[in-house]
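Visitor: Predicted model and sequence follow; I will ask about them next.
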Amino acid sequence: MIAAKYGVSQVVGALAGKDDLGDLASELLGALVASEDQLSEQLAGIGRQLDEVLEQRYSATLGAGLRTLLDAGTATDPHVRAAELTRARDQFRDAGAAARSPIQIAVAERYVALCAIALGRADAARTALGLLDKAAFEALIDALPLVGPKAYDRAREQLRFGSRRKDRIEEQGSEILDAAAHVLTFALDLFEESRTLAEGLGERRQDPDVEVLWLDGFEDDERPARAAQVLVRPAGPGPVRFGPLSVAWGDIRFRLPDGPPPPAISREELMEQLSASSPAAKRMSPGLFDELHRSMSEPPAGVLDLDLTVRAEPALSRPLALTVWSKPEEGDWTVVGNRLLQPGQPEVTIQGPIDARRPLTNAGMLTVWDAVLFLSY
């Protein structure tokens with residue numbers, strides 16, 4: 001809100017200690033510290049419900065850093081101000097090291113980035129913003145399944161040695177679901193802050209169109225039938241950046257197959273091939289064998305040319321299951337490819353051509369753990 005009121009360049013200038021922006025700096029730091037009590041209380045509740053309890057060291061170190069940051073904002077001597085900012089930065093780093101959950105790390109890196117900007121350390125600020133994006137994204141991926149039916153499974157697990165009454169499970173499950181929803185919205189807010197600060201540092205990011213697909217019955221306190229998802233649409237040509245992930249859609253085009261269709265395989269030939277590879281094939285049910293023969297004897301309707309690159313910068317500390325979908329001319333989305341982005345792996349590429357059994361459109365969708373959906377259009 002302050003960036004919208006004064007402009008990003010003014011906010012960054014105030015953090016860097018420009019003399020004519022002293023009032024803005026005081027307003028900015030005061031707003032941060034004033035909101036932190038509410039944020040800490042919210043984080044504590046989130047941590048309790050998600051089994052990610054805020055330890056005393058994290059809370060104490062984060063609080064000490066905030067107090068030091070406030071002192072730096074009121075210092076008139078530039079040397080004293082720089083010393084206080086350096087001390088605050090170190091305290092926030094210690095808080096990040098003591099964090100027990102990704103959302104706690106994201107909060108600590110948020111303040112490390114602010115201190116780095118105020119100290120004129122643009123490179124250090126970019127590093128901190130990258131770590132903020134990474135931690136916030138991992139928090140988002142952890143939270144999304146719990147904004148759904150799995151919240152009640154978690155409640156049942158937590159109560160397995162205590163009360164297992166249905167009403168107690170419903171109550172606990174609703175609390176976990178609400179806490180996970182807070183993590184989801186807070187992580188998206190942190191992405192917005194990160195993009196704003198990166199813009200102030202001269203980085204140009206094209207903001208995607210982000211929409212939260214809330215579960216049915218969420219606002220009516222009903223038990224949900226499915227989990228919430230985040231839908232990301234490109235705002236223009238080029239890679240789509242969402243947190244630490246960059247999704248670059250290259251060629252995605254459906255075309256008719258080249259040359260004549262391959263000859264259809266007979267039932268006898270299929271059974272011969274299956275029996276040669278596995279003796280158990282002879283025990284296959286007639287219905288399953290008929291379905292397999294039908295699918296193998298049908299020539300492909302066409303070929304899908306696909307070229308998709310997913311990059312994580314910085315690389316994540318957990319794996320991501322990536323699934324690529326294409327939309328038929330009629331019917332629902334169909335899977336056309338799968339990959340796993342391993343922990344520490346910077347990027348993965350998914351490429352075609354892929355035989356399609358029915359006509360497809362030139363639309364693509366990438367799902368990350370079926371939680372974050374990237375559309376190609």
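Guide: Sure thing, it's come through. Residues are numbered from 1 along each chain as shown.
Visitor: contacts, neighbours, all on C-alpha from now
Guide: Noted.
Visitor: Check what pLDDT residue 333 gets.
Guide: If you check residue 333, the pLDDT there is 93.
Visitor: number of nearby residues for it?
Guide: 16 (other CA atoms under 10 Å).
Visitor: any idea which element the closest residue to it other than its chain neighbours lies in?
Guide: Excluding the flanking residues, the one nearest residue 333 by CA to CA, 6 or more residues apart in numbering is residue 327, at 4.5 Å. Per DSSP states H and E, residue 327 falls inside strand 320-328.
Visitor: Could you pull up the residues touching the nearest residue to residue 141 once chain neighbours are set aside?
Guide: Leaving aside its chain neighbours, residue 141 sits nearest to residue 371 (6.9 Å; criterion: CA to CA, 6+ apart). Applying CA atoms under 8 Å, 6 or more residues apart in numbering to residue 371 gives the contacts 141, 144, 145, 228, 229, 230.
Visitor: Make TSV out of those residues and add pLDDT and secondary structure.
Guide: TSV is the format used below for the contacts of residue 371 (pLDDT from 0 to 100; DSSP: H, G, I helix; E, B strand; the rest coil):
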residue	pLDDT	secondary structure
141	96	helix
144	95	helix
145	92	helix
228	94	coil
229	96	strand
230	97	strand
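Visitor: Report the contact partners of residue 94.
Guide: 58, 61.
Visitor: ok, it to residue 119 distance?
Guide: Noted for residue 94: a distance of 18 Å to residue 119, by CA to CA, to the nearest Å.
Visitor: low-confidence ranges in the protein?
Guide: 1-55, 161-164, 216-222, 261-262, 277-284, 294-297 (pLDDT under 70).
Visitor: which SS state does residue 246 fall under?
Guide: Using DSSP: H, G, I helix; E, B strand; the rest coil, the structure places residue 246 in strand.
Visitor: was I right about it contacting residue 315?
Guide: No. The pair residue 246 and residue 315 fails to qualify as a contact (CA atoms under 8 Å) at a distance of 11.2 Å.
Visitor: More neighbours: which of these two?
Guide: residue 315 (20 against 17).
Visitor: who touches the more buried one in this structure?
Guide: The neighbours of residue 315, taking CA under 8 Å, 6+ apart as the test, are 134, 244, 343, 344, 345, 346.
Visitor: Distance across stretch 342-351, terminal residue to terminal residue?
Guide: Counting by CA to CA, you get 18 Å between the two ends of stretch 342-351.
Visitor: Give me the contact list for that stretch.
Guide: Contacts for stretch 342-351 (CA under 8 Å, 6+ apart): 305-320, 337-339, 341.
Visitor: from these, which would you call buried?
Guide: Neighbour counting with 16 or more other CA atoms under 10 Å marks 305-308, 310-316, 320, 337, 341 as buried within those.
Visitor: quick one: which of those is nearest to residue 167?
Guide: Within those, proximity to residue 167 (CA to CA) peaks at residue 320, which comes in at 35.0 Å.
Visitor: pretty sure that closest one is touching residue 340, no?
Guide: Yes. The pair residue 320 / residue 340 is scored as a contact, 5.7 Å apart, by CA under 8 Å.
Visitor: Report the buried residues of stretch 88-105.
Guide: Those would be 88-96, 98-105, for stretch 88-105 by 16+ other CA under 10 Å.
Visitor: coming back round to it: now, which of the buried ones among the contacts of stretch 342-351 sits nearest residue 69?
Guide: Relative to residue 69, and with distances defined as CA to CA, the nearest of those is residue 314, at 26.8 Å.
Visitor: Any figure for the gap between the residue positioned nearest the centre of the chain and residue 59?
Guide: Closest to where the C-alpha atoms of the chain average out (CA atoms, centre = their mean) is residue 137, at 3.6 Å. Noted for residue 137: a distance of 22 Å to residue 59, by CA to CA.
Visitor: do the same with residue 70
Guide: For residue 70, the distance to residue 59 equals 17 Å [CA to CA].
Visitor: repeat for residue 369
Guide: 31 Å.
Visitor: now residue 326
Guide: 46 Å.
Visitor: Between those two, point out the one with more neighbours.
Guide: Neighbours were counted for residue 326 and for residue 59 using other CA under 10 Å; residue 326 has more, 25 against 17.
Visitor: Dig out what the more buried one forms beta bridges with.
Guide: Counting by DSSP bridges, residue 326 is bridged to residue 334, residue 364.
Visitor: mind listing what residue 205 touches?
Guide: 195, 199, 241.
Visitor: Is the first one inside a helix or a strand, and which specific one?
Guide: Secondary-structure element containing residue 195, defined by DSSP H and E: helix 166-200.
Visitor: Which elements pack onto that helix?
Guide: On a contact count with 3 or more CA pairs under 8 Å, 6 or more residues apart in numbering; DSSP states H and E, helix 166-200 meets helix 8-15, helix 22-49, helix 102-118, helix 122-143, helix 150-158.
Visitor: Now that helix: buried residues?
Guide: 169-170, 172-184, 186-188, 190-198, 200.
Visitor: cool, and stretch 150-170?
Guide: 150, 151, 152, 154, 155, 156, 158, 169, 170.
Visitor: quick check, nearest of these to residue 270?
Guide: Out of the buried residues of stretch 150-170, the member with the shortest distance to residue 270 (by CA to CA) is residue 150, at 42.4 Å.
Visitor: if I look at the closest one, how far off is residue 332?
Guide: From residue 150 over to residue 332 (counting by CA to CA), the distance is 25 Å.
Visitor: do the same with residue 240
Guide: Residue 240 is 24 Å from residue 332, by CA to CA.
Visitor: of these two, who's got more company?
Guide: Remark: of residue 240 and residue 332, residue 240 carries more neighbours, 25 against 10, as counted by other CA under 10 Å.
Visitor: residues contacting that one?
Guide: Each residue near residue 240 by CA under 8 Å, 6+ apart is listed here: 206, 208, 233, 234, 246, 247, 248.
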